[in-house]
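**Student:** no FASTA, just this:
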């Protein structure tokens, strides 16, 4: 059933879920000290809303109603909590929190919860996935795709993290602002992964992912404002701004995919590009280089290459070498190989791509292989790789681009503007 035909009460429940989930989870988890239990309690609350609101009407304060019901559900999960969380007490606590609590020093409940999930006792490999699931609402399959692991492996990683929080009694409390720099790395990784997941929806058909892009940008801005002396926070903001500035230029009027080298810079957001460049300059002035600053510098150079019609292949290759030192991930190594092929080292780049393992279902690897194979003079190999890349894409415009030979003329390869 589309949005226009859904009952108003159901739409209100969905809107409350999108707008309040992170805050509600933080408040319920503060009591339960168990993320999984808090998630279960919220699920019961939203189910109750869908069942009761159509008959009884939408309450004046949907968030307060959901919090009350979630706390009751959480209380029923534990005998100790049940005796301490009678309905009257829950309502009293709710009123105290809403009227007497000081504003979060993080400026936003979602951002505060991201820093909660970056607790040093939680496995660093689980921190960003935990944030994506509990704060930003992504399912295990999407999170797995962002980190190039199977859904089953990611599900197990998340279950272990939540079990450790529960069993070790890790305090589910908002840290002091002074602790934020030590937890910043995991938070930035989660925001970046959230934006990258939403960026994959080049058609813009998934309204939830469009909202996730905007939320990631909001959180990146807020983090940079919160920690103005952290160069990497500014670097991530610059990176997302550069990518987001091009959003409206990625599609032609007929819906066809437009690679970066063919985009009209006049369609880019000038305000975002200026803001991105300002953030990157401020970060560079701090002389504390890192992954996100390097990625932002790459995007900045791509933009200048398009606006000036100059080729900056050698500087781009060097920047990708630097990036590989900071983050030798599969995605980075694939992009690095393409950058070196564009700079004339196509045979060596082809060898680097073919030496990679575990990439059989990784669409950007096949798109990169198509481009690098074509640059190396292997037209048949390029066409075969492009066909495989097209088969792994869910976007009809990307498939048409690859099958139409887009890899043979796109500066930077077909994958250059399909991921941030």
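**Tutor:** Everything's here; your move. Because the structure is a prediction, the values reported are computed rather than measured.
**Student:** which residues sit against the strand or helix carrying residue 142?
**Tutor:** Under the criterion of DSSP states H and E, residue 142 resides in helix 140-147. Taking contacts as Cβ atoms under 8 Å, 6 or more residues apart in numbering, the residues outside helix 140-147 that touch it are 128-129, 132-133, 138, 150-151, 153-155, 158, 193, 196-197. Where you see a C-beta, it was placed from the backbone N, CA and C, and this is true even at glycine.
**Student:** swap the cut-off to 10 Å and go again
**Tutor:** 125, 128-133, 136, 138, 149-159, 189-190, 192-198, 200, 209, 212, 329-331, 362 (Cβ atoms under 10 Å, 6 or more residues apart in numbering).
**Student:** okay, now residue 105: neighbour count?
**Tutor:** Residue 105: 14 surrounding residues under other Cβ atoms under 10 Å.
**Student:** report all helices and strands that the helix or strand harbouring residue 68 contacts.
**Tutor:** If you go by DSSP H and E, residue 68 is part of helix 62-76. Helices and strands touching helix 62-76, by 3 or more Cβ pairs under 10 Å, 6 or more residues apart in numbering; DSSP states H and E, are helix 8-32, helix 35-56, helix 79-84, helix 87-100.
**Student:** one step back: tell me the buried residues in the helix holding residue 142?
**Tutor:** 140, 142, 143, 144, 145, 146, 147 (16 or more other Cβ atoms under 10 Å).
**Student:** how far away is the last one from residue 394?
**Tutor:** Residue 147 sits 18 Å away from residue 394, taking Cβ to Cβ, to the nearest Å as the criterion.
**Student:** quick one: low-confidence ranges for the stretch 1-150 of the chain?
**Tutor:** Counting by pLDDT under 70, the ranges of the stretch 1-150 of the chain that qualify are 1-9, 11, 14-20, 22-23, 26, 30-34, 76-104.
**Student:** which of the contacts of helix 140-147 are buried?
**Tutor:** By neighbour count, with 16+ other Cβ under 10 Å, these hold 128-133, 136, 138, 149, 154-155, 157-158, 189-190, 192-198, 200, 209, 212, 330-331, 362 as buried.
**Student:** gap between the particular helix or strand that has residue 238 in it and the chain center?
**Tutor:** Assigned by DSSP H and E, residue 238 falls within helix 231-245. Here helix 231-245 shows a centroid-to-chain-centroid distance of 13 Å under the convention Cα atoms, centre = their mean, to the nearest Å.
**Student:** moving C-terminal from it, which element do we reach first?
**Tutor:** helix 270-285.
**Student:** just checking, what packs against that following helix?
**Tutor:** helix 207-226, helix 231-245, helix 291-308.
**Student:** what's the second one packed up against?
**Tutor:** Judged by 3+ Cβ pairs under 10 Å, 6+ apart, the packing partners of helix 231-245 are helix 180-199, helix 207-226, helix 270-285, helix 291-308.
**Student:** tell me the buried residues in that helix?
**Tutor:** Buried-residue list, helix 231-245, by 16+ other Cβ under 10 Å: 231-245.
**Student:** one more: the longest one?
**Tutor:** For helix 207-226, the buried set under the neighbour-count rule, 16+ other Cβ under 10 Å, comprises 209, 212-213, 215-217, 219-224, 226.
**Student:** farthest pair in the residues you listed?
**Tutor:** Every pair in those was compared (Cβ to Cβ); the two farthest apart turn out to be 209 and 226, at 25.2 Å.
**Student:** if we can go back for a sec, looking at the helices and strands packed on helix 231-245, which is closest to residue 44?
**Tutor:** The nearest among the helices and strands packed on helix 231-245, by Cβ to Cβ, is helix 207-226 at 22.2 Å.
**Student:** average pLDDT for the closest one, rounded please.
**Tutor:** For helix 207-226, mean pLDDT is 85.
**Student:** over to stretch 355-363?
**Tutor:** Mean pLDDT, taken over the full extent of stretch 355-363, equals 94.
**Student:** if I look at residue 53, how far off is residue 335?
**Tutor:** From residue 53 across to residue 335, the span is 47 Å (Cβ to Cβ).
**Student:** who has more neighbours out of these two?
**Tutor:** The residue with more neighbours, out of residue 53 and residue 335, is residue 335; 24 against 20, by other Cβ under 10 Å.
**Student:** if we ignore the residues flanking it in sequence, what's nearest that one?
**Tutor:** In space, and not counting its chain neighbours, residue 335 is closest to residue 320: 6.2 Å by Cβ to Cβ, 6 or more residues apart in numbering.
**Student:** residue 302 now?
**Tutor:** Using Cβ to Cβ, 6+ apart and skipping residues adjacent in sequence, the residue nearest residue 302 is residue 260, 6.1 Å away.
**Student:** which residues touch the closest residue to residue 246 other than its chain neighbours?
**Tutor:** Spatial nearest neighbour of residue 246, excluding adjacent residues (Cβ to Cβ, 6+ apart): residue 268 at 5.4 Å. With contacts defined as Cβ under 10 Å, 6+ apart, residue 268 is in contact with 242, 244, 245, 246, 247, 248, 249, 303, 306, 307.
**Student:** again with residue 229
**Tutor:** For residue 229, the contacting residues are 181, 282, 286, 288, by Cβ under 10 Å, 6+ apart.
**Student:** for residue 116, see how far away residue 109 is.
**Tutor:** 10 Å.
**Student:** distance of residue 136 from residue 348?
**Tutor:** 39 Å.
**Student:** could you do residue 122 as well?
**Tutor:** Separation of residue 122 from residue 348 (Cβ to Cβ): 40 Å.
**Student:** so between those two, which is more surrounded?
**Tutor:** Neighbours were counted for residue 122 and for residue 348 using other Cβ under 10 Å; residue 122 has more, 20 against 14.
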